[in-house]
Structures are given as structure tokens and as C-alpha cells.
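Q: just the structure for this:
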Amino acid sequence: MSDVRICPSCQAQAIYKESKEDVTPSYSAIQDEEALKKVAQLKKAFEKARARCDEVEAELARLGDK
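A: Purely as a prediction, here's the structure:
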């Protein structure tokens, strides 16, 4: 995941990066398209976790019936 912080110059949400050579911080504004992609990724991960949780609950119920 990206490191999202508030930009000190414009007070907007921005992706924070540090240069590896001289450790200079840089901020790049988050575009609506990037935000929508992240939301889609999070939804997909949530659905995958929910499906796995349902599988585990079904397995626990099956083991509890024995």
C-alpha cells in the first residue's frame, strides 16, 4: 500500500515518497482514478477475506456436528 499523508504545502491527501539517494521527501497528489483503483482493490480483498471466513465457519460448524 502507498504511504498517504497530508501535503504540508496544499493540505491535500498525497502519496509520500522519499528519494533513496538523499532521503528527500516528495508528495504527489492522489488523483480520483488512483483512489477508485485503491477502493476496487480493497473491495476485492474484503470479498476474498469474507469468502475465506465463510469457508472456515462452515468447516467449524461441520466439525461441531460430529
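
Q: sec struct for residue 15, please.
A: Here residue 15 is recorded as strand under DSSP: H, G, I helix; E, B strand; the rest coil.

Q: give the other helices and strands that the strand or helix carrying residue 35 contacts.
A: Taking DSSP states H and E as the definition, residue 35 sits inside helix 32-65. Where contact means 3 or more Cβ pairs under 8 Å, 6 or more residues apart in numbering; DSSP states H and E, helix 32-65 is not packed against any helix or strand. No exception for glycine: its C-beta is placed from N, CA and C like everyone else's.

Q: mean confidence score for it?
A: Averaging pLDDT along helix 32-65 gives 91.

Q: off-centre distance for that helix?
A: 14 Å (Cα atoms, centre = their mean, to the nearest Å).

Q: what's the answer for stretch 59-66, then?
A: 33 Å.

Q: for stretch 9-21, same thing?
A: Worked out by Cα atoms, centre = their mean, stretch 9-21 lies 17 Å from the chain centre.

Q: contacts for that stretch?
A: 2-7, 24-30 (Cβ atoms under 8 Å, 6 or more residues apart in numbering).

Q: just those now: which is nearest residue 39?
A: Ranked by distance to residue 39 (Cβ to Cβ), the contacts of stretch 9-21 are led by residue 30 at 11.6 Å.

Q: count the neighbours of the closest residue to that closest one other than its chain neighbours for me.
A: Closest residue in space to residue 30, ignoring its immediate chain neighbours: residue 13 at 5.1 Å, by Cβ to Cβ, 6 or more residues apart in numbering. Counted with other Cβ atoms under 10 Å, residues neighbouring residue 13 total 13.

Q: how far away is residue 13 from residue 36?
A: 14 Å (Cβ to Cβ, to the nearest Å).

Q: show me the contacts of stretch 9-21 that map onto strands.
A: 4, 5, 6, 25, 26, 27, 28, 29 (DSSP state E).
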